[in-house]
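[1] got a predicted model here, sequence first, then my questions.
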Amino acid sequence: QRPFLSHLIALLSVYELGPFSTSIPKYEGPSDWQTQSILRSLDAMARRMYSAEEACHTIQARDS
């Protein structure tokens, strides 16, 4: 089994659905500095993605 890979698949699926689609799964498996670094980076990327999408929606709504 590859618990971290399974977690990444679930996490990316949730991110693909968009913000507030469901709660973000928490990784509870074996961890080291690499897994923590990947999770931190994905979290930062998701925050930036959601912020950018929100800004786009705001601009589109204003221009409509």
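    Sure, I can see it. None of the values given here were measured: they were computed from a predicted structure. Numbers count the residues shown, from 1 in each chain.
[2] how far away is residue 17 from residue 46?
    12 Å (CB to CB, to the nearest Å). C-beta: built from backbone N, CA, C; applies to glycine.
[3] so which elements touch the longest helix seen in the chain?
    Longest helix in the chain, counting residues (DSSP state H): helix 33-63. Packing partners of helix 33-63 (3 or more CB pairs under 8 Å, 6 or more residues apart in numbering; DSSP states H and E): helix 3-17.
[4] give me the contact list for the helix it packs on.
    Residues from elsewhere that reach helix 3-17 (CB atoms under 8 Å, 6 or more residues apart in numbering): 21-22, 24-25, 27, 29-31, 35, 38, 42, 46, 49.
[5] what's the answer for stretch 29-40, then?
    Taking CB under 8 Å, 6+ apart as the rule, stretch 29-40 contacts 3, 4, 7, 8, 27.
[6] a markdown table for those residues, including distance to residue 61?
    Converted to a markdown table, the contacts of stretch 29-40 look like this (distance: CB to CB, whole Å):
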| residue | distance to residue 61 |
| --- | --- |
| 3 | 41 |
| 4 | 39 |
| 7 | 35 |
| 8 | 33 |
| 27 | 36 |
